[in-house]
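**Student:** just coords:
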RNA sequence: GGUUCCGUAGCUCAGUUGGAUUAGAGCAACGCCCUUCUAAGGCGUGGGUCUUGGGUUCGAGCCCCAACGGAAUCACCA
């Protein structure tokens, strides 16, 4: 912010004047003063001791004297504690700062221009054989928030999704539907398409296991039984037919995938996530082969005797990696190379971010090297935004044991909870229409879910307790939303009472330390956004919003704004509240969390 | 076993590029505060050898090394 820059250049001047040394502004550390000490900003003078050749206290005192003399409009006073120079900033500076924030509608956000870097973010990446679960929810929310944050830092952003729509697992659902489905459709059953298909995937597994057990009872070894079970044989045959473009299999595949996509779209819409461009593995997996063959010709890869194609990564400290099987079919890595090829053809990508769970760290390490070898500019420094697993109190989520938390169920439960919560509380939502009440419940329920997931450092595994569900008190989305709604209420009532938002804040307003603290926190917002972008870390924005709102709540508790007798003070507090509201709305928006006008 | 990540209050988590005698929130427990712009709130009490042991320096929860504990991965699965 401007105040800091003023001080930093003045400090550089001070050191030049006092000790005759030129010093780089970046080496000057200015930080917020701890609450226990008087002052607002603190200069750490330890780094200058070698230059001043004096005791920390004396050095700090001299610099303080210089600042107070040279920039009295900014530095009103100072005190020295050991090697810490605490500066008291003038009220006028704070008022100026707040006015600046007020004027800037897009405070903290940088706009992207035509020549801004183009960042592509891949997230979600579902399989089309089962509905989305809690792990996908974390992925989607992180990906979406990250996209917003990158855009806020002045990048052009393309959100993309790679759908895993082919392979043996898809054939399993198809086969089970043919055998046990009796022609069931989402329309005929009223079941959401992705769930319907998921049910048949489960049905396949159930019948398959029965067959394996039967064979084993007849004395067949387990390994053999797994291969020889009629269902598995049929599924494999179906995959071959699919690869050979069998019209019937393809038609069924298209029909069932269509159901799944309709289901996914509903879930995505409920979560508030979207994509600019969707890729399908059925369309990209052949491209990968081509690219690999290209690499083979250029001598980047090599072929083994059996005909399989490999990359030698021993020079990078890794192993050899298979890229094409002996029969010429592709593996996972091949598909990702193919997808990269298409993406680069479609967009002039400067940076690629993959939002994928940390179980694939090794995969992306390899992919980065391979893409680099193949000549993709962004390959070397592609970002694998790696996030931890969501764990349940009794261990991991396992679909086989039925311990997955379904995304749709979870969203519905959260909205339901929010609705009950608001009805239980003092007569809230009684003066609003049924429609509006439902909308608020949706916003609050999703806010609780999103914030709960996004406030945790993405790298860490996190624990989710579905029984206790998610709290609405304390460090939660609803607490932040609630405070925002209260701020909006203040501004509404002020307007009704004929107290419009002042154009400028009177310079004579007396500021309390709490108010200054709030202005200081507000001014920090652009740095937080920038840091979130540099570190690919949405959680720091979430925690910032909470800190800000908590601080504001204390302020709110102590003061009355509408009944304030001193007009100057009231004007200042209205502007301060409005700006807290603006920054909270912006910050929550970056996370993809809505804030309601009323709750 | 190799590689990578993690280890902070009973529980869930923060802790900005190393900064200040006393390491922060929330939940849970206990005690106050609704004639007050929305009590989904505020105030207070108790709760910690920041896994352990070394090192780097004016100064370490943060950086380096080692140990211990946990997770992921190390497939012609995706």
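**Tutor:** Yep, that arrived. In this text the structure is predicted, and so the values were computed from the model without any measurement.
**Student:** Up against RNA strand B, what does the stretch 351-500 of chain A have?
**Tutor:** Contacts of the stretch 351-500 of chain A with RNA strand B, taken as Cβ under 7 Å from any atom of the strand, map to A:358-363, A:388-389, A:396, A:418, A:421-422, A:425-426, A:428, A:440, A:444, A:455-457, A:459-463, A:471-476, A:478-479, A:482, A:485-486, A:488-490, A:493. C-beta: built from backbone N, CA, C; applies to glycine.
**Student:** now do 6 Å
**Tutor:** Neighbours of RNA strand B within the stretch 351-500 of chain A, by Cβ under 6 Å from any atom of the strand: A:358-363, A:418, A:421-422, A:425-426, A:428, A:444, A:455-457, A:459-463, A:471-475, A:478-479, A:482, A:485-486, A:489-490, A:493.
**Student:** Show me those residues that map onto strands.
**Tutor:** A:462-463 (DSSP state E).
**Student:** Show me just the buried residues among the residues of the stretch 351-500 of chain A next to RNA strand B.
**Tutor:** Neighbour counting by 16 or more other Cβ atoms under 10 Å classes A:358, A:363, A:418, A:421-422, A:444, A:455-456, A:462, A:472, A:475, A:478-479, A:482, A:485-486, A:490 among these as buried.
**Student:** Tell me if stretch A:550-560 is near RNA strand B.
**Tutor:** Yes - interface with RNA strand B: stretch A:550-560 contributes A:550, A:553-554, A:556-557, A:559-560 (Cβ under 6 Å from any atom of the strand).
**Student:** May I see the buried residues of that stretch?
**Tutor:** Of all the residues in stretch A:550-560, those buried under the rule 16+ other Cβ under 10 Å are A:551-552, A:555-556, A:559.
**Student:** same check, this time on stretch A:570-580
**Tutor:** Buried-residue list, stretch A:570-580, by 16+ other Cβ under 10 Å: A:570-580.
**Student:** Which one of those residues is nearest to residue A:201?
**Tutor:** residue A:580 (48.5 Å; Cβ to Cβ).
**Student:** so the closest one makes contact with residue A:518?
**Tutor:** Yes - judged on Cβ atoms under 8 Å, residue A:580 makes contact with residue A:518 at a distance of 6.7 Å.
**Student:** and for the two, which residues touch both?
**Tutor:** The contact sets of residue A:580 and residue A:518 overlap at A:548, A:552 (Cβ atoms under 8 Å, 6 or more residues apart in numbering).
**Student:** which SSE is residue A:86 in?
**Tutor:** Element membership for residue A:86 (DSSP states H and E) is strand A:84-89.
**Student:** Need the contact partners of the helix or strand just after that strand.
**Tutor:** Next helix or strand after strand A:84-89 toward the C-terminus (DSSP H and E): helix A:91-103. Contact partners of helix A:91-103, identified using Cβ under 8 Å, 6+ apart, comprise A:1-3, A:73-74, A:76, A:107, A:504-505, A:507, A:509-511, A:515-516, A:519-520, A:522-523, A:572, A:575-576, A:578-579, A:582-583.
**Student:** Which strands and helices lie in contact with whichever strand or helix holds residue A:340?
**Tutor:** Taking DSSP H and E as the definition, one finds residue A:340 inside helix A:332-346. Here helix A:332-346 touches strand A:277-280, helix A:281-297, strand A:320-324, helix A:361-373, going by 3 or more Cβ pairs under 8 Å, 6 or more residues apart in numbering; DSSP states H and E.
**Student:** hmm, it touching RNA strand B?
**Tutor:** Yes - in terms of Cβ under 6 Å from any atom of the strand, part of helix A:332-346 sits within range of RNA strand B, namely residue A:332.
**Student:** What are the contacting residues of that helix?
**Tutor:** By Cβ under 8 Å, 6+ apart, the list of residues contacting helix A:332-346 from outside reads A:120, A:160, A:162, A:277, A:279, A:281, A:283-292, A:321-324, A:330, A:349, A:352, A:363, A:366-367, A:370-371, A:374, A:376, A:379.
**Student:** Kindly report the same for stretch A:513-528.
**Tutor:** Looking at what lies outside stretch A:513-528 - Cβ under 8 Å, 6+ apart - the contacts are A:1, A:3, A:32, A:40, A:89, A:91, A:94, A:97-98, A:101, A:107-108, A:511, A:540-541, A:544, A:547-548, A:551-552, A:554-555, A:558, A:572-573, A:576, A:579-580, A:583, A:586-587.
**Student:** Now intersect these with the helices, please.
**Tutor:** Among these, DSSP state H puts A:3, A:91, A:94, A:97-98, A:101, A:540-541, A:544, A:547-548, A:551-552, A:554-555, A:558, A:572-573, A:576, A:579-580, A:583, A:586-587 in helices.
**Student:** circling back: show me which of the buried residues of stretch A:570-580 neighbour RNA strand B.
**Tutor:** Of the buried residues of stretch A:570-580, not one also sits near RNA strand B (Cβ under 6 Å from any atom of the strand).
**Student:** and stretch A:364-382, how far from the chain's centre?
**Tutor:** Distance of stretch A:364-382 from its chain centroid, counting by Cα atoms, centre = their mean, to the nearest Å, is 24 Å.
**Student:** And stretch A:433-440, by the same measure?
**Tutor:** Relative to the chain's own centre, stretch A:433-440 is displaced by 28 Å; criterion: Cα atoms, centre = their mean.
**Student:** Which single residue of the stretch 401-550 of chain A ends up nearest RNA strand B?
**Tutor:** residue A:474 (2.1 Å; Cβ to the nearest atom of the strand).
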